[in-house]
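Trainee: Provided below for reference: sequence and predicted model.
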Amino acid sequence: MGEVWFGYDKRLDRQVAVKFIKVSRFPDGRPDEELARRFVRESRITARLEHPGVPTIYDCGSHGDDLYLVMQLVNGCSISSLLDETEVPIAWAVSIAAQVCSVLAVAHANSLVHRDLKPANLMLCPDGTVKVLDFGIAATLVSPNATRLTRTGEVLGTPAYMPPEQAMSGAACPQSDLYSLGVILDEMLAGENQFAAPTALAAMRNHTDIPPRPLRTRRRDVPEGLERLVLWLLAKTPEKRVPSADVAYERLLEFCHDLPPFPGYVNLDTPHPVRMYATVVGRITPPAESRNRRPTDPVRPARIRHAGGTAQIGLHDIEHARKDAEALKAESRFSQAADVLAEIVGPAAGAFGSMSSSVVNLRIDLAEVLFLGGDYRRAAPEFHRLAADVAKIEGPGNNLALRCRLMAANCHAAVGETSVALTQLHRLLTDEQRFGADEERVLELRCQIGLLEFGSGNRAQAKRTLGGLLSDLERRYGQHHPDVGKVREILENLDNR
């Protein structure tokens, strides 16, 4: 996914790493501007991740035909090199995986899925810490419309570490990252990737069809509990895996005791400032009632209160906020745009009512900018509330209410809540079909449901859904219509994976 160059920041007098990514071009030679926009968006989302296990992002942009990302220079050994050179002690394999989980916990709370976790994207530093590289790069290269009839068949990742749902449909969720981590941990402990194959297709089929082999059949000194945890991470469907990175982290800690010396890779000869810092912080003990509480949304700054209450809010304030947010959105500064809108939504609703046209438009803007910024956990309840409020006044068949329901379901799918998303999409399909079974948006919705079913591991149901869709498309458009060909191609791809 590009080349990494050593660089030097002349202004701040520091070493940096510069990653270059080739911009794909259309047949007429024009650059893919949508990819460039996604690159900026994903870079900004990644830059929001504040975690010592994620290299700091300094800048991003384009140079000639390349996109580039300027980031913190990381010194150390990639886990892929580590696996080539030595046997990894059990405690160190667990430590590496646990550190990755701590990074994933923050990323997933920000609705960011890595999509391409592999040993080459993990770096073990001389102080014993682990850096997770290339967050956001894979997401940049995946079309946001991959489940629509207009764009299908895009699968991105590394086949030897690719979760079944990503191999089958290109879909990825937080549990997809946990599967990839399970493959990496299994490889670190056993010394081999049990899913590797001579071809990409064969590797993907191993993930989808072959049950994982228990670790203790290949390395007898692996604790039984750790073997069970790895098998849990390697479950074929997302909803049968470890539910979150937080849970995986806690389970891994049970096997992370007394890390032995690791000469040549970790320098333990002198106290390292990072370990000194971590030792003190590690002695902070949370209250007992909060130890098992899973974090939900990331902590955000308190909103500025308007002096004098809501009485000072006028329509001009709402329009001004919307214009400011639109300008920020045009620059892909979605987080700032959301902050601008969120600050005024409450006071505006208090002054004019939550269902006044000006406030509804404001709420729509907020939900959409949260979605565009990848903050799906905050966007979902906004869309749910909008759908319910609009349906109360305009009726459940109102186009805006239906659209908000679709967006809410998409948010749930994006964070790995597949069963919730499918339930909502099936209910939405029932309501949409009242306006005509052959409506374009009904057909697209059926395609989306089929792909989501397949991505969740329900291959038989997905084939029924998409097979029925293909028959209806052929009846309406004939054998040679582009949409017919695309759905037929999807079904052929499903048979081949």
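Mentor: Cool, got the structure.

Trainee: for the residue nearest to the spatial centre of the chain, give me its contacts.
Mentor: Nearest to the mean C-alpha position of the chain, by Cα atoms, centre = their mean, lies V113 at 2.1 Å. Contacts were defined as Cβ atoms under 8 Å, 6 or more residues apart in numbering; by that measure V113 touches 107, 139, 172-174, 176-177. (Glycine included, C-beta is placed from N, CA and C.)

Trainee: got it, and P243?
Mentor: Q175.

Trainee: tell me the secondary structure at it.
Mentor: Using DSSP: H, G, I helix; E, B strand; the rest coil as the criterion, the local structure at P243 reads coil.

Trainee: with E417 as the reference, measure out to it.
Mentor: From P243 across to E417, the span is 11 Å (Cβ to Cβ, to the nearest Å).

Trainee: just put the contacts of V113 in JSON lines and tack on pLDDT, neighbour count and secondary structure.
Mentor: Supplementary listing: the contacts of V113 in JSON lines, determined by pLDDT from 0 to 100; neighbours: other Cβ atoms under 10 Å; DSSP: H, G, I helix; E, B strand; the rest coil:
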{"residue": "A107", "pLDDT": "90", "neighbour count": "25", "secondary structure": "helix"}
{"residue": "A139", "pLDDT": "60", "neighbour count": "22", "secondary structure": "helix"}
{"residue": "A172", "pLDDT": "84", "neighbour count": "28", "secondary structure": "coil"}
{"residue": "C173", "pLDDT": "87", "neighbour count": "27", "secondary structure": "coil"}
{"residue": "P174", "pLDDT": "91", "neighbour count": "24", "secondary structure": "helix"}
{"residue": "S176", "pLDDT": "93", "neighbour count": "25", "secondary structure": "helix"}
{"residue": "D177", "pLDDT": "96", "neighbour count": "27", "secondary structure": "helix"}
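
Trainee: buried residues in stretch 250-269?
Mentor: Along stretch 250-269, the positions that meet the burial threshold by neighbour count (16 or more other Cβ atoms under 10 Å) are 250-252, 255-256, 262, 265-266.

Trainee: out of those residues, what pair is the most spread apart?
Mentor: Maximum pairwise distance in those, criterion Cβ to Cβ, is 25.7 Å, between E250 and Y265.

Trainee: pLDDT weak spots in the protein?
Mentor: Within the chain, the ranges that satisfy pLDDT under 70 run 1-2, 23-32, 136-156, 288-311, 496-497.

Trainee: quick one: the strands in it, in order.
Mentor: Remark: strands assigned in the chain by DSSP state E are 3-9, 14-22, 57-63, 66-72, 77-78, 122-124, 130-132.

Trainee: among these, which is the most enclosed?
Mentor: Between these, strand 122-124 has the highest mean count of neighbours, a mean of 24, where neighbours are mean count of other Cβ atoms under 10 Å.

Trainee: for it, name the packing helices and strands.
Mentor: Using 3 or more Cβ pairs under 8 Å, 6 or more residues apart in numbering; DSSP states H and E as the contact criterion, the elements in contact with strand 122-124 are strand 77-78, helix 79-85, helix 90-109, strand 130-132.

Trainee: now distance to R377 too, for those, in CSV please.
Mentor: What follows is the helices and strands packed on strand 122-124, written out as CSV (distance: least, Cβ to Cβ, whole Å):
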stretch, distance to R377
strand 77-78, 31
helix 79-85, 29
helix 90-109, 7
strand 130-132, 20
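
Trainee: for G485, find the nearest of those.
Mentor: Smallest distance to G485 across those (Cβ to Cβ): 36.3 Å, for helix 90-109.

Trainee: in the closest one, what counts as buried?
Mentor: Of the residues in helix 90-109, those scored as buried under the neighbour-count criterion (16+ other Cβ under 10 Å) are 90, 92-109.

Trainee: ok, residues contacting stretch 86-101?
Mentor: Contact partners of stretch 86-101, identified using Cβ under 8 Å, 6+ apart, comprise 53, 79, 82, 117, 122, 124, 128-130, 132, 181, 184-185, 188-189, 191, 221-223, 226, 245-246, 248-249, 252-253, 255-260, 262, 264-266.

Trainee: cool, and stretch 51-66?
Mentor: Around stretch 51-66, the neighbours that count as contacts under Cβ under 8 Å, 6+ apart are 2, 9, 16-17, 20-23, 25, 31, 36, 39-40, 43-44, 46-47, 67-72, 74, 99-100, 102-103, 106-107, 129-133, 135, 274.

Trainee: how about a cut-off of 7 Å?
Mentor: Residues external to stretch 51-66 that are found in contact with it (Cβ atoms under 7 Å, 6 or more residues apart in numbering): 16, 20-23, 31, 36, 39-40, 43, 46-47, 68-72, 74, 99, 102-103, 106, 129-133, 135.

Trainee: over to stretch 325-337?
Mentor: Counting contacts by Cβ under 7 Å, 6+ apart, the residues outside stretch 325-337 that touch it are 37, 40-41, 44, 48, 340-341, 365, 369, 372-373.

Trainee: please apply the same query to stretch 415-429.
Mentor: For stretch 415-429, the surrounding residues in contact (Cβ under 7 Å, 6+ apart) are 111, 173-175, 238-239, 376-377, 402, 405-406, 408-409, 412-413, 442, 445-446, 448-449, 452-453, 456.
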